[in-house]
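1. Next input, structure requested:
(one chain, ligands or ions: 1)
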Amino acid sequence: MTPFAEAPEALEVTTAHAVAVEARRGLTSVPRTLSPWLFYDALGSHLFEQITALPEYYLTRIERDLFRAHASEMLRLAAREMPLTLVELGAGTATKTGILLEAAVQHQPEVLYQPIDVSETALIEAADNIERHLPGVAVHSQIADYTASAFTVERPRDHRVLALYIGSSIGNFAPEEAAKILGNLRAQLQFGDTLLLGIDLAPSRQKPVDTLLAAYDDAAGVTAAFNRNILDRLNRELRSSFRPESFRHQARWNASDSRIEMHLESLAEQTVHVPANSAGPGLMLNFHPGDTIHTENSYKFTEGALAHLLHVSHFAEMKQWRDERDWFSVILAEAI
Ligand code: AVI
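-> Here you go, the predicted structure:
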């Protein structure tokens with residue numbers, strides 16, 4: 001699943017402009033930043049798939065295990081005797097969703113699944129896979145940016161909606177943005193509809209900070225390659241002159257904001273040129289050794305932060321499923 005999936009080919013012109021605008025905004029800010037959606041070009045999406053299979057990156061594995069163990073109960077609680085339609089924010093290729101859909105067709109003979117993503121390619125792959133393997137599931141895809149609220153939810157007569165926002169994707173947004181995303185979703189739902197949310201949990205006695213740091217700085221260097229690919233992407237698409245090997249991947253734990261941060265740290269005194277483009281004139285960027293570009297935040301939730309997020313977006317927790325070490329949680333919450 002790609003949480004900030006690449007825009008479809010039909011939107012290539014817009015995407016090229018969006019990359020130029022974001023690069024200019026981020027690289028001229030103090031401190032320098034680049035938005036994580038820039039990770040997910042074709043190579044970045046492939047590297048992210050590899051991350052999800054790394055021994056250190058426990059998030060995907062635990063969530064999948066929780067779905068395998070509890071999918072039927074999750075669906076039964078969401079349905080409460082009524083048929084369900086499933087909507088998924090940032091569905092990507094919907095790999096993990098198959099487990100939930102498989103359980104759904106055991107509850108009801110026909111299921112309408114509505115994946116929403118900005119990537120047309122990912123949605124086509126999702127629909128192909130699901131319709132081939134799960135004949136009871138009809139897929140109505142929607143190409144939309146759910147962070148900008150431009151999506152709609154279809155509701156077959158007398159159905160409840162179960163909205164999926166899984167994979168800890170909510171963690172890549174600051175608390176106020178996360179509340180806005182869930183608030184926009186809530187506005188599309190009715191009382192009694194539900195949200196299934198996957199979140200990564202904050203460090204605890206059972207979850208040392210080192211476990212988190214390793215998940216974002218793996219021994220094989222895949223996350224480092226994923227992070228540096230953002231510079232390669234700017235070189236490819238904006239003809240900038242970054243030397244990605246002169247930047248070191250860094251994962252930091254920010255305890256006061258309860259988040260893992262990813263940075264790219266300049267290893268040398270260097271100047272990078274970004275030629276003039278649709279977003280504005282050329283840029284000459286100076287980096288001193290130790291200067292960083294902040295590329296991602298991945299928020300880790302305490303029980304209090306979760307309760308607050310659900311409360312402000314008008315959801316009430318129905319049930320939580322966690323692994324035995326309390327590293328990751330899947331929450332079912334009702335729209336209130
Ligand atoms: C997509 N998202 C939930 C991942 C995360 O864990 O924040 C992205 C990622 N960044 C580095 N590794 C994985």
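2. Tell me who's in contact with the nearest residue to Ser204 once chain neighbours are set aside.
-> Spatial nearest neighbour of Ser204, excluding adjacent residues (C-beta to C-beta, 6 or more residues apart in numbering): Asp326 at 6.2 Å. For glycine as for every other residue, the C-beta is placed from the backbone atoms N, C-alpha and C. Contacts of Asp326 were listed using C-beta atoms under 8 Å, 6 or more residues apart in numbering, and they are Leu201, Ser204, Gln206, Lys207.
3. Quickly note the distance from Asp326 to Ala69.
-> As defined by C-beta to C-beta, to the nearest Å, Asp326 lies at a distance of 15 Å from Ala69.
4. so where's the longest helix in the protein?
-> Of all the segments of type helix in the chain, defined by DSSP state H, the longest one is helix 58-79.
5. Using PDB, write down the CA coordinates of it.
-> In PDB, the C-alpha atoms belonging to helix 58-79 read as follows (Å, rounded to 0.1, in the frame of the first residue of the first chain):
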ATOM      1  CA  TYR A  58       7.100  -4.900  12.300                       C
ATOM      2  CA  LEU A  59       4.100  -2.600  11.500                       C
ATOM      3  CA  THR A  60       2.800  -4.400   8.400                       C
ATOM      4  CA  ARG A  61       3.400  -7.800   9.800                       C
ATOM      5  CA  ILE A  62       1.600  -7.200  13.100                       C
ATOM      6  CA  GLU A  63      -1.300  -5.500  11.400                       C
ATOM      7  CA  ARG A  64      -1.700  -8.400   8.900                       C
ATOM      8  CA  ASP A  65      -1.600 -10.900  11.800                       C
ATOM      9  CA  LEU A  66      -4.300  -9.000  13.600                       C
ATOM     10  CA  PHE A  67      -6.400  -9.000  10.500                       C
ATOM     11  CA  ARG A  68      -5.800 -12.700  10.000                       C
ATOM     12  CA  ALA A  69      -6.800 -13.500  13.600                       C
ATOM     13  CA  HIS A  70      -9.700 -11.100  14.000                       C
ATOM     14  CA  ALA A  71     -11.100 -10.100  10.600                       C
ATOM     15  CA  SER A  72     -14.400 -12.000  11.200                       C
ATOM     16  CA  GLU A  73     -15.000 -10.300  14.600                       C
ATOM     17  CA  MET A  74     -14.100  -6.900  13.200                       C
ATOM     18  CA  LEU A  75     -16.600  -7.300  10.400                       C
ATOM     19  CA  ARG A  76     -19.300  -8.700  12.700                       C
ATOM     20  CA  LEU A  77     -19.000  -5.700  15.100                       C
ATOM     21  CA  ALA A  78     -19.000  -3.200  12.200                       C
ATOM     22  CA  ALA A  79     -22.000  -4.800  10.600                       C
END
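6. going on from it, what's the next piece of helix or strand?
-> Following helix 58-79 in sequence order, the next helix or strand is strand 84-89 (DSSP states H and E).
7. List the buried residues in that next one.
-> By neighbour count with 16 or more other C-beta atoms under 10 Å, strand 84-89 contains the buried residues Leu84, Thr85, Leu86, Val87, Glu88, Leu89.
8. what number of residues lie near Glu154?
-> Here the count is done by other C-beta atoms under 10 Å, and Glu154 has 12 residues near it.
9. which ones are touching it?
-> Contact analysis of Glu154 by C-beta under 8 Å, 6+ apart lists Thr85, Leu112, Gln114, His140.
10. From what I see, Glu269 and Phe287 are in contact.
-> Yes: at 7.2 Å, Glu269 counts as touching Phe287 under the criterion of C-beta atoms under 8 Å.
11. Quick one: residues contacting the residue in the stretch 101-250 of the chain positioned nearest to the ligand.
-> Residue of the stretch 101-250 of the chain nearest the ligand, by C-beta to the nearest ligand atom: Ser168 (4.2 Å). Contacts here follow C-beta under 8 Å, 6+ apart; on that basis Ser168 touches Leu59, Glu63, Gly198, Ile199, Asp200, Ser298, Phe328.
12. The fourth one touches Ile331, doesn't it?
-> Pointing back at Ile199 there. Yes: the pair Ile199 / Ile331 is scored as a contact, 6.9 Å apart, by C-beta under 8 Å.
13. anything in contact with each of the two?
-> Leu306.
14. helix/strand/coil for whichever residue of the chain sits closest to the ligand?
-> Residue of the chain nearest the ligand, by C-beta to the nearest ligand atom: Ser298 (3.4 Å). Classification of Ser298 by DSSP: H, G, I helix; E, B strand; the rest coil places it in strand.
15. count of residues packed around it?
-> Applying other C-beta under 10 Å, we find 19 residues neighbouring Ser298.
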